[in-house]
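Participant: Predicted model, plus sequence, below.
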Amino acid sequence: MTTFERDAKTLELPWPFTGREDELELVRRSVAGGRHGIVVTGPAGRGKTRLVTEAVRGSDHARAVGTPEARGLPFAAFAHLLPETVSLHRAVQLLSTVRLLLVDDAHLLDDASAALVHQLTVHGRTRLLVVATDGPRSPGAISRLWTGELLPRLALAPLPREETAQLLATGTGGLATLTVNRLYRLCRGDLRLLRELVDAVRERGLLHRVPDSAEWEWRGPVPITASLRERTAHLLDRTGPGERETLDRLAFGEPLPLDADTLDLGALEALEADGLVHVDEQGATRLAHPLHGPVLRAAAGRLRARRLARTPAGCAAALEAETATLARAIAETDVRAVPSPVGEWLLDEGTGVPARHAAVRARFSRLRGELREAAAWAREGLRAAADDPACRLELALASAQSGHPEHAAPADTDHCAESSAGSRGDWSAALVEPGALHPPVPPAESGPLHSPVPLIDSSTPRAAAATPGSSSPRLAAPPTRPRGAANSREVAGGSAATWWAAARGDLDAALGTVAEEPYDAVRLGVPDGAVGRLTGVFAAHAEALAQGDGPALDRAAQALEERGFLLFAAEAYAQAAGAHRDPSAARTSRTRAVALARRCQGARTPALSGLVLGELTARQRQIVTLAAAGLSNRQIAEKLTLSVRTVGNHLYGAYARLGASDRDALPCLVELPEAQPA
């Protein structure tokens, strides 16, 4: 027999455990003290085993693992803990002396082992940490652990996008925001698939340096690995009449209208019944999983791909309709997530995105509080048109509200410094210039996916559309616009000069530029001049803040959150925390503000300034304070008796929560103790 040895330095270690702090604490509490344990469930690849392994690290415990090959052998999972022949009664007696028993892949246990786990739970002498995967049929003795309420159950949710970005940062280095979004969209919480895709992209040299940045981006097709083909075999093996043809047409052209001549409705019904395609209320038909399209395109032959493939020019009408949908959502002041597959396809394939679409997409993301994403889309637009005023405005606003106005293009900050109402008007007007974003779509192309939306009231001349001193014309109200909704000027947050000054800490200068943007004044904490000038939930926010009414601010924040304005909601909750007279209510508002601020991709606005260190765990606060004082990771590790790797992981987590890019930004965020005289 020949044994091949490999240098240990070339072996890749698993990515560091990242995120899941609440779940980790819950699991640890469940197996401590007088608790009996917990069951952790979820789909394959969600990180269940990694979570429980981290939870029991350093503790005295025994481990058993189910395997499909041993399901016919009694007590196979416990063979290393029990004698060769043993009864169930004796097995319970022997394992009752174990303080903590971790049972992984419990859905694969043989019946005898499953009965043993159930009996150990009933007797309650052993703390049990049980992990089971959704999907395969678990033995009845295992499923009754939670259905019979013997143990609490933690159904593990997908890792949130923010924590996925943090994981990618610690595991791979600096990936661009839109690349992180693509990976997150493709994997849908499957961390095994995430690792596999990242490894394949790196090994095949598909990562390229972003111009003028230290980040890397991935454009082009998805690398199809053997494991990925195996995962999608159920898709590639469809043999029903017309099914594969329908799948391929969707793969090369989704979304397609339901009444398209190219779709076989009979095959479509069968595919929908099996969960392979999705048809929305407007009749747009898509593949059910974003990974299916790349796999089908890769499996198609060259001639078939040439026949079905669309070109950027061929999807112009669909892109305009997608842009109109985003603009309509902004006009209706409802920026909850909207599918935008066409723009994402153009971006992913590396063909470029028109500046007009990028500007609207950037604005939509910024209003949702996704500031890094907004800046990234604005930069994409500037790649296509370097002087596009709307993209320059969005980049300036996203950068300034992240506390980093220097990250905008140099000309943007020059305009901001001028604080010129005229220049601000030009920038804002670029977003709503007649025809600038949506050239008319021919009537023949209208339909469920092609419904152009007028962006301004065509009956009003442009000169009359802007009131004296106004920074932008009013948007026309779409036919379905809800009564009382604010016009887009109220929610644009659109004075770059205001937010550039706020980012520098000069609130007096910031407040001096908000006359034309009343909601900016509310966000900066000075609502008096805005009361009576806003409508809808924005008016409620202004009035509640003017009256110092904590409960009313909470209600306004909740309404903002429901409409997708996460950053505005976080600011309202933060203001409510300072307005409440009840300490308990203030803590609740502050907790909600912190939770929403974490999702706003490093937002740094005056309303959130008091939440900075409150976003961190006690250990992160301790490490961040030492790092801000100038200690190296090794010095911190020695001082706190931790490993250097643990210190690094805590700092990465703190960077993500604080919106800091590196250690140099920490002193600006942390109030350091004053030096004591010698």
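Facilitator: That came in fine, so what should we check first?
Participant: Now do the end-to-end distance for stretch 627-635.
Facilitator: 9 Å (CA to CA, to the nearest Å).
Participant: Repeat that for stretch 626-636.
Facilitator: 7 Å.
Participant: Tell me the buried residues in it?
Facilitator: By neighbour count on 16 or more other CB atoms under 10 Å, the buried set for stretch 626-636 is 626, 627, 628, 631, 633, 636. Heads up, the C-betas are built off the backbone N, CA and C, glycines and all.
Participant: farthest pair in the residues you listed?
Facilitator: The span of the buried residues of stretch 626-636, defined through CB to CB, is set by 628 and 633 at 13.1 Å.
Participant: just the helices in the stretch 551-678 of the chain please.
Facilitator: In the stretch 551-678 of the chain, helices defined by DSSP state H, counting those that start in this stretch lie at 566-579, 583-598, 618-628, 633-640, 644-658, 666-669, listed in chain order.
Participant: would you turn those helices into a markdown table with mean pLDDT?
Facilitator: As requested, the helices of the stretch 551-678 of the chain are exported to a markdown table (pLDDT from 0 to 100):
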| stretch | mean pLDDT |
| --- | --- |
| helix 566-579 | 95 |
| helix 583-598 | 89 |
| helix 618-628 | 80 |
| helix 633-640 | 88 |
| helix 644-658 | 79 |
| helix 666-669 | 57 |
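Participant: Out of those, indicate the one that is most buried.
Facilitator: Among these, the stretch with the highest mean neighbour count (mean count of other CB atoms under 10 Å) is helix 566-579, at a mean of 26.
Participant: Mind listing residues that contact that one?
Facilitator: By CB atoms under 8 Å, 6 or more residues apart in numbering, the residues outside helix 566-579 that reach it are 367-369, 371, 401, 491, 523, 525, 541, 544-545, 548-551, 553-554, 556-558, 560-561, 586-587, 589-590, 592-593, 596-597, 599-600, 603, 605, 607-608, 610-611.
Participant: Let's see that with 6 Å instead.
Facilitator: For helix 566-579, contacts defined as CB atoms under 6 Å, 6 or more residues apart in numbering pick out 368-369, 523, 541, 545, 548, 550, 553-554, 556-557, 560-561, 586, 589-590, 592-593, 596-597, 599-600, 603, 607-608, 611.
Participant: of these, buried ones?
Facilitator: Buried by 16+ other CB under 10 Å: 368-369, 523, 541, 545, 550, 553-554, 556-557, 560-561, 586, 589-590, 592-593, 596-597, 599-600, 603, 607-608, 611, out of the contacts of helix 566-579.
Participant: Next, work out how far apart residue 159 and residue 217 are.
Facilitator: 21 Å (CB to CB, to the nearest Å).
Participant: Could you do residue 146 as well?
Facilitator: With CB to CB as the criterion, residue 146 and residue 217 are 43 Å apart.
Participant: quick one: which of the two has more around it?
Facilitator: residue 217 (21 against 18; other CB atoms under 10 Å).
Participant: pLDDT-wise, which helix or strand of this protein ranks last?
Facilitator: Every helix and strand in the chain was compared by mean pLDDT, DSSP states H and E; the lowest is helix 462-465, with a mean of 29.
Participant: export the helices of the stretch 551-678 of the chain to a markdown table and tack on distance to residue 61?
Facilitator: Formatted as a markdown table, these follow (distance: least, CB to CB, whole Å):
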| stretch | distance to residue 61 |
| --- | --- |
| helix 566-579 | 40 |
| helix 583-598 | 32 |
| helix 618-628 | 23 |
| helix 633-640 | 25 |
| helix 644-658 | 20 |
| helix 666-669 | 37 |
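Participant: tell me the pLDDT at the residue nearest the centre of the chain?
Facilitator: For the chain, residue 161 is the residue whose C-alpha lies nearest the centre (CA atoms, centre = their mean; 2.8 Å). Residue 161 is assigned 88 on the pLDDT scale.
Participant: what do you get for the one 4 residues further on?
Facilitator: Among the per-residue scores, residue 165 shows a pLDDT of 88.
Participant: Over to the one 4 residues further on?
Facilitator: Predicted confidence (pLDDT) at residue 169: the value is 82.
Participant: The helix or strand it falls within packs against which elements?
Facilitator: Residue 169 belongs to helix 161-172 when assigned by DSSP states H and E. Helix 161-172 is packed against helix 177-187, with contacts defined by 3 or more CB pairs under 6 Å, 6 or more residues apart in numbering; DSSP states H and E.
Participant: redo that, cut-off 8 Å
Facilitator: Applying 3 or more CB pairs under 8 Å, 6 or more residues apart in numbering; DSSP states H and E, we find helix 161-172 packed against helix 177-187, helix 191-203, helix 644-658.
Participant: now that helix, how far from the centre of its chain.
Facilitator: Computed by CA atoms, centre = their mean, to the nearest Å, the chain-centroid distance of helix 161-172 equals 11 Å.
Participant: Just give the nearest non-adjacent residue to residue 620, would you?
Facilitator: Nearest non-adjacent residue to residue 620, counting by CB to CB, 6 or more residues apart in numbering: residue 654, 4.6 Å away.
Participant: residue contacts, residue 287?
Facilitator: Residue 287 makes contacts with 247, 250, 251, 254, 276, 277, 278, 293, 296, as judged by CB under 8 Å, 6+ apart.
Participant: Which residues are in contact with the fourth one?
Facilitator: Residue 254 makes contact with 285, 286, 287, 293, 341, according to CB under 8 Å, 6+ apart.
Participant: Flag the least confident of the residues you listed.
Facilitator: pLDDT across these is lowest for residue 341, at 85.
Participant: correct me, but it touches residue 286?
Facilitator: Yes. Under the criterion of CB atoms under 8 Å, residue 341 makes contact with residue 286 at 6.8 Å.
Participant: Mutual contacts of these two, please.
Facilitator: Any residue near both residue 341 and residue 286 by CB under 8 Å, 6+ apart counts here, and that gives 254, 255.
Participant: element containing the residue sitting furthest away from the middle of the chain, please.
Facilitator: Distance from the centre of the chain peaks at residue 85, with 51.3 Å (CA atoms, centre = their mean). Counting by DSSP H and E, residue 85 is held by no secondary-structure element, helix or strand.
Participant: and it, what pLDDT?
Facilitator: On the pLDDT scale, residue 85 is placed at 87.
Participant: Now do it against residue 72, distance only.
Facilitator: Note on residue 85: its distance to residue 72, by CB to CB, is 16 Å.
Participant: Strands of the stretch 101-250 of the chain, start to end?
Facilitator: Along the stretch 101-250 of the chain, counting by DSSP state E, counting those that start in this stretch, strands occupy 127-133, 153-155, 207-209, 216-218.
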